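with the input below, show me the fold.
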Amino acid sequence: MSLLEAQPQRMVREQHLLEQLSADWFTPGRWSAVEDGLGFTFTMRIADKAFDAALQYPELFPEVPCFVCPRQPGESWSAHQYVSGELCLERG
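Presented below is the predicted three-dimensional model:
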């Protein structure tokens, strides 16, 4: 069952919040179905560099957190990044 079917209100809220976030540093992209759930593409700007990223909502969201990774497989942005490409979002 897809997230849109299982949690329609939650996903409509997620969509609304992400689309509202449009700012100088954040450009929303588009939603798409991905292998294990839903994906949302976006571009974030830090200093003078643009990073094309994807926010992935796994099928078991919100029991399993969503995660961010570069849109280009194998692209490395940080030493705080897993081998899978997923960025570690832990603070501290």
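
mind checking the pLDDT average for stretch 34-54?
Mean pLDDT, computed over stretch 34-54, is 90.

give me the distance between the two termini of it.
Distance across stretch 34-54, first residue to last, is 11 Å (CA to CA, to the nearest Å).

now that stretch: buried residues?
Buried residues in stretch 34-54, counted by 16 or more other CB atoms under 10 Å: Gly37, Leu38, Gly39, Phe40, Phe42, Ala53, Ala54. All C-beta atoms are positioned from the backbone trio N, CA, C, and that covers glycine.

first-to-last residue distance for stretch 55-75?
15 Å.

starting at the chain centroid, how far to it?
Relative to its chain's centre, stretch 55-75 lies at 6 Å (CA atoms, centre = their mean, to the nearest Å).

over to stretch 58-76?
How far stretch 58-76 lies from its chain's middle: 6 Å, per CA atoms, centre = their mean.
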